[in-house]
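K.L.:
No sequence on hand, only this structure:
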């Protein structure tokens, strides 16, 4: 083996140095012999360092390549083995949901509002299946974002959202440092394929890098190729991958499959319309409360009580608008300041009146009050407004006390089963304190004295089938979206025992009418039971 020229020079310099060092020993041959041995040892070390390492590297290259191939396989999050794990995870989740339904639910106090057998049961099953299919189409299930322990790419698996027909970059897509250390990008050309799994959009690269070859630009499947000598441009390319939705979707998901180094990565993109603003115009930047709140009242045959309520509102809030829905048999015209009275068909019902009232509100908030309430010094609507104006709370409805000892709020406990949900109205329950307001708690149902966002109540609606009773049913309708809190710092008086015999006869129901109500409730919500504890 011929030494490199640099090694020869090093050897010559070492010989000259040792010669000068031992020259002073004269004929002291033992010292000279020792110096020669040291020189031979150093020379051998230099030789092994410069030639032996390269020989070892050559011998170990097949082993290193095998290790890299094994690491490359481990990077495949959706190769054959990992794809099986993805399917297994989905299967386990589905089985768990099915197991939970199989466990069913039970009612603590027997069955209230249960369905009878017969045609109504078959009808409910058919309507329920139609409802499920409708929910699947309008509310798509979020796909599982299974992120592997090792991946050659850093990517955002979920969280990217666009509106229909809009575009977005596949943000934060880059090669991981561990992948760069484990794979040789310089021996082979680099190839990436992007594919829209559900075909809802197209992919393109907006980079002007001249060394990138693009096949299928602005199509549902795009392939990028880079020659090995330009592999360092890969990260720059990944920062310019664009997804464009091209298929009309109101609310859905598309999944981008990224094929890279025998791996398949999934990037989930949510496509849905976002709500447009709905703003309320006021006279100034700091408007008075009467420009933001309207009081709504449903009344039937209780003119003495409703007049007292209106007088109390005018006493504490003299400029606040009140809207009255009246389906009394013995109708009386109300002529008071700031009052709008709507005469309804005779005995049209409680919820029909609520629908009418909510539809006529032009302010951002509405105050719901029964016609036998009376405002007092503790009826501070500004305290309600304080909570609703706190956007961090995100509340839609803030309720107060009706009388000193009314309590605050109720929980709706919902169990699920094959026979339908079990709904328990727990009147001794709340969902915990409200942050920053120790006098308030989160609840699912309140009393009939609350300030709410007008839009939230318009979206919830009031079922006109509920003519006489339906208070709990309104909160069941809003269970999935209405965010309620109840606070003890606002009160209203309740005048009891002042209704006429005619009112009581038409207001209170029982017998077949009550049974029909429970049957309708069970049919509407598909419940196994709805009970109170």
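P.N.:
Arrived safely. Please read these numbers as outputs of a predicted model, since none were measured by experiment.

K.L.:
Okay, and the closest residue to residue 463 other than its chain neighbours sits in which element?
P.N.:
Distances taken as CB to CB, 6 or more residues apart in numbering place residue 351 nearest to residue 463, at 5.6 Å, with adjacent residues excluded. To be clear about C-beta, it is placed using only N, CA and C from the backbone, and glycine gets the same treatment. If you go by DSSP states H and E, residue 351 is part of helix 350-359.

K.L.:
could you list every residue that touches the closest residue to residue 155 other than its chain neighbours?
P.N.:
Leaving out its chain neighbours, the residue that sits closest to residue 155 by CB to CB, 6+ apart is residue 173, at 5.2 Å. Contacts for residue 173 (CB atoms under 8 Å, 6 or more residues apart in numbering) come out as 153, 154, 155, 156, 238, 239, 241, 258, 267.

K.L.:
For this protein, which helix or strand comes out least confident on mean pLDDT?
P.N.:
Lowest on mean pLDDT, DSSP states H and E among the helices and strands of the chain sits helix 53-74, with a mean of 42.

K.L.:
What segments of the stretch 101-250 of the chain are strands?
P.N.:
Ranges of strands within the stretch 101-250 of the chain are 153-154, 160-162, 167-169, 174-175, 190-196, 201-205, 212-215, 221-226, 241-245, based on DSSP state E, counting those that start in this stretch.

K.L.:
Out of the ones you listed, which is closest to residue 454?
P.N.:
Checking the strands of the stretch 101-250 of the chain against residue 454 by CB to CB gives strand 160-162 as the closest, at 27.5 Å.

K.L.:
Please tell me I have it right and residue 278 contacts residue 454.
P.N.:
No: Residue 278 is beyond contact range of residue 454, at 9.3 Å (criterion: CB atoms under 8 Å).

K.L.:
who has more neighbours, these two?
P.N.:
Applying other CB atoms under 10 Å to residue 278 and residue 454 shows that residue 454 carries more neighbours, namely 20 against 9.

K.L.:
could you measure the more buried one against residue 386, distance?
P.N.:
From residue 454 over to residue 386 the distance is 18 Å, taken as CB to CB, to the nearest Å.

K.L.:
how about low-confidence regions in the stretch 201-350 of the chain?
P.N.:
Applying pLDDT under 70 to the stretch 201-350 of the chain picks out residues 207-209, 228-232.

K.L.:
now with 80?
P.N.:
Across the stretch 201-350 of the chain, the ranges flagged by pLDDT under 80 are 206-211, 227-234, 261-263.

K.L.:
Can you show me the helices along it?
P.N.:
234-238, 303-316, 350-359 (DSSP state H, counting those that start in this stretch).

K.L.:
Please identify the most buried of those.
P.N.:
helix 350-359 (a mean of 20; mean count of other CB atoms under 10 Å).

K.L.:
what's downstream of it, the next helix or strand?
P.N.:
Taking DSSP H and E, what comes next after helix 350-359 is strand 365-368.

K.L.:
how about stretch 455-469: buried residues?
P.N.:
Going by neighbour count (16 or more other CB atoms under 10 Å), the buried part of stretch 455-469 is 455, 456, 457, 458, 460, 462, 463, 464, 466, 467, 468, 469.

K.L.:
got a list of what the nearest residue to the fourth one once chain neighbours are set aside touches?
P.N.:
Translated: residue 458. Using CB to CB, 6+ apart and skipping residues adjacent in sequence, the residue nearest residue 458 is residue 358, 5.7 Å away. Residue 358 is in contact with 296, 366, 454, 457, 458, 462, counting by CB under 8 Å, 6+ apart.

K.L.:
Surely residue 337 is in contact with residue 314?
P.N.:
Yes: assessed by CB under 8 Å, residue 337 is found in contact with residue 314 at 5.8 Å.

K.L.:
so which of the helices of the stretch 201-350 of the chain gets nearest residue 127?
P.N.:
Using CB to CB, the nearest of these to residue 127 is helix 350-359, at 20.5 Å.

K.L.:
for the closest one, the distance to its chain's centre please.
P.N.:
Remark: helix 350-359 is offset 32 Å from the chain centroid, using CA atoms, centre = their mean, to the nearest Å.

K.L.:
Can you turn the buried part of the contacts of residue 173 into a ChimeraX selection?
P.N.:
Buried residues among the contacts of residue 173 (16+ other CB under 10 Å), as a ChimeraX selection:
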select :153,155,238,241,258,267
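
K.L.:
which one is residue 105 nearest to, not counting chain neighbours?
P.N.:
Of all residues not flanking residue 105 in the chain, residue 415 sits nearest, at 2.9 Å (CB to CB, 6+ apart).

K.L.:
What is the burial count for that neighbour?
P.N.:
Other residues lying near residue 415 total 18 when counted by other CB under 10 Å.

K.L.:
and if you look at the one 10 residues further on?
P.N.:
Here the number of neighbours of residue 425 (other CB under 10 Å) works out to 19.

K.L.:
Surely it and residue 443 touch.
P.N.:
No: at 11.3 Å, residue 425 does not count as touching residue 443 under the criterion of CB under 8 Å.

K.L.:
Touching both of those two, which residues are there?
P.N.:
410, 411.

K.L.:
Extract the residue ranges of the stretch 351-500 of the chain that are flagged as low pLDDT.
P.N.:
404-407, 409, 418-419, 467, 496-500.

K.L.:
Strands of that one, residue ranges please.
P.N.:
Assigned by DSSP E, counting those that start in this stretch, the strands in the stretch 351-500 of the chain fall at 365-368, 373-374, 397-402, 411-415, 422-426, 433-434, 437-443, 450-453, 484-494.

K.L.:
Return the list of strands paired to the third one, each annotated with direction.
P.N.:
Using DSSP bridges, the strands paired with strand 397-402 in its sheet are strand 450-453 (antiparallel), strand 484-494 (parallel).

K.L.:
just how off-centre is that strand within its chain?
P.N.:
Centre-to-centre, strand 397-402 and its host chain are 28 Å apart (CA atoms, centre = their mean).

K.L.:
quick one, it and strand 437-443 angle?
P.N.:
Following axes from the mean of the first three to the mean of the last three CA atoms, to 10 degrees, one obtains 110 degrees for the angle between strand 397-402 and strand 437-443.
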